Structure formats: structure tokens, C-alpha cells
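In: I would like to see how this sequence folds:
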Amino acid sequence: MTMFKTLNIFRATGLPDINALEYALCTNEFAPCSPSQDKSCGWIEPRGEDNGALVESIGGQWLLKFAVETKSVPGAIVREKADAEAKAIEQTTGRKPGKKETKQLREDALLALLPQAFPKRSAVLVWIDPIRGVIYTDSASAPKDDAVITALVQAMPNLQMRYVQPVLSPQTAMTGWLTQDAEYWPEGFNVERACELKSADEEKSVVKFNRHNVNTDEIRKHIAEGKLPVNLAMSFDGRVGFTLTDNLRLKKIAFLDGVVRDEGDADSFDADFTLATGELSRFVPSLLIALGGEVPVADDGLFGSED
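Out: Numbers count the residues shown, from 1 in each chain. The predicted structure is shown next:
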């Protein structure tokens, strides 16, 4: 098990000290949706303890947790209620509501139904390495990542951050590794038994391999025909398993047999975080080296105070 199942990697500058960050997060602390609210988001305690710190510092590494709560009502139910209101108006006034009024009826119907909707809550972990100037999020979707980035920038006025951009694109690298023998794979890395190939033409044809040797002529034939890798299962140093994607999102992160936290540590939260950050702090820089290193920072790729 690992605390992080997914990682998105950002280079960051302008980080505040931990006390200033704690104070800033308190101004955007999470509160559940009100009866008429369809979405609420904000920062919560990473340990899950009421009135605890919003920034946990363990071994010089910081951990934050961003919560998102949403409520939704099926569109068919909203339309049904709005149509009933429109029919009542027609029966009492003899006229059908126009487009503008119909739109308002649907908005009113949604507001009336929202208090009955069940909320769904999810959370995104944010790991900040202030020493190396790196921020990691464990979000598996772009919209959630956008929400977290916005909240981070709002909390830290001097923060500038950008997605880490390697010299070699992940897709180019994966293509090379799948068409070469194992002796040419980057040091410390192994290609494992799963990958997904997708063509760039109009058909967008997809071929997936699971529990399958991917270092084969069959895979090379698909690549020669124009199908390129978008996901590739890999491992690092026999300690970390993961799936590399074509946009450098790391998925399905797992520690392999033999990688365990110190069972003598009474605080499992601290021990799990220390283990995760220790292993991943070795793995991520090695992966970036395998991808040719980082492209120098370009101002137009930054999220932050100058946006």
C-alpha cells in the first residue's frame, strides 16, 4: 500500500513558510454544501482529526488535503418538475412559458431539488517538497487538478508552478522502450506486463495488453502500424510499481514486495508518509532523468500570481 496512488508533478517557486501557509489555508477551510449549493471545496485536516493542522510537516515534507463535495440531480427529474410548473402556468394563464421563462423554471426546479440530493465527497492529497521546490497532487482527473491548482495559487500569492516538462515526451520514450530489447531500458527501470496503444488517425483504434509480455514482435508490429503507447506498466528498482501515461501522470503507484514501513513506529500516519515520500523522492528524479531531464522553465507555462 502507498499513500499516493496517482501523482502529477509540478515545479514550484515562491513557496511561503509553513506558518504563513497554515494561516492562508484557514481562510479557505472546507465547509459542506448548503441545502441550495451544488458544489463546495476547501482544505481539510490531512490526519482527519477535528481542529488539527491543515499543513502536516513530517521529515521536512508537507502534506495538505483538498476536499470537494458535489450534489447533483438527474436532468430528467429537473425537466419533469420544470415541465409540471410550465403546465400549471399554461393552465392558469392560458399561455405557454417562453424560452427565457422555461430556463428560469428549470433553474428554480434544480434549486428546489438540491436539498434532497445526496452529497458526494472526494479529496486530493497535495505533497509539497519545499526543499526541492516540487508539488505533487494525487488527482486522477484534470478538473480536480485545476481546482487544486487554483486553491494553491489563491493561498500563496507569490507561488508560481508549472507541470514538469521532460525533454523527451513520455510517449516517445515509451515507444523507444517497447521497440528495444531490455538491455536498452533506462537504468533501474523495467517494463512490466501491461500497456495500451492508440492510433492517432480518425479511427482512434485501441489495443490493450494485460498480464502479457510486451517486449514482443506483436507489440512492435502495432507500433509500426501507427499505434503509439498511451499507458505503460513499469517498475523502478524492484521497489515501486507504476503506470506511466503519455501526459506524465503516474498511475497505479504501488510499493512492491519487501518495501514496508517501520512497524515499530507507533504513528502509522507519519510512517506511511515518510515511507511514501522517501521512496518517491528517489523514483521521480530517476524517471525524469530517463526522460532526458527537465525542459527549462518558460514563463508562459506557469500558474501563479502573474496569470
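In: wait, what's in contact with the closest residue to Lys5 other than its chain neighbours?
Out: Leaving out its chain neighbours, the residue that sits closest to Lys5 by CB to CB, 6 or more residues apart in numbering is Ile253, at 5.6 Å. Where C-beta positions appear, they are placed from N, C-alpha and C, glycine not excepted. Going by CB atoms under 8 Å, 6 or more residues apart in numbering, Ile253 touches Thr2, Phe4, Lys5, Thr6, Leu7, Val240, Gly241, Phe242, Leu280.
In: Report the central residue of this structure.
Out: Ser139 (1.8 Å; CA atoms, centre = their mean).
In: before we move on, back to that, which members of the contacts of Ile253 are positioned in strands?
Out: Val240, Gly241, Phe242 (DSSP state E).
In: need those in a markdown table with distance to Pro97, can you?
Out: Below are the ones in strands among the contacts of Ile253 laid out as a markdown table (distance: CB to CB, whole Å):
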| residue | distance to Pro97 |
| --- | --- |
| Val240 | 59 |
| Gly241 | 58 |
| Phe242 | 55 |
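In: Would you mind confirming that His60 is in contact with Arg132?
Out: Slight slip there: residue 60 is Gly, not His. No: assessed by CB atoms under 8 Å, Gly60 is found out of contact with Arg132, at 10.2 Å.
In: Those two - which one has more neighbours?
Out: More crowded of Gly60 and Arg132, by other CB atoms under 10 Å: Arg132, with 12 against 9.
In: so which strand or helix has Ile89?
Out: Applying DSSP states H and E as the criterion places Ile89 in helix 75-93.
In: elements contacting that helix?
Out: Helices and strands touching helix 75-93, by 3 or more CB pairs under 8 Å, 6 or more residues apart in numbering; DSSP states H and E, are helix 99-113.
In: Next secondary structure after the helix it packs on?
Out: Note on helix 99-113: by DSSP H and E, the next helix or strand toward the C-terminus is strand 120-129.
In: For that next one, buried residues please.
Out: Buried residues in strand 120-129, counting neighbours by 16 or more other CB atoms under 10 Å, are found at Ala123, Val124, Leu125, Val126, Trp127, Ile128, Asp129.
In: Which pair of the residues you listed spans the longest distance?
Out: Pairwise distances among the buried residues of strand 120-129 were taken by CB to CB; the largest, 19.9 Å, belongs to Ala123 and Asp129.
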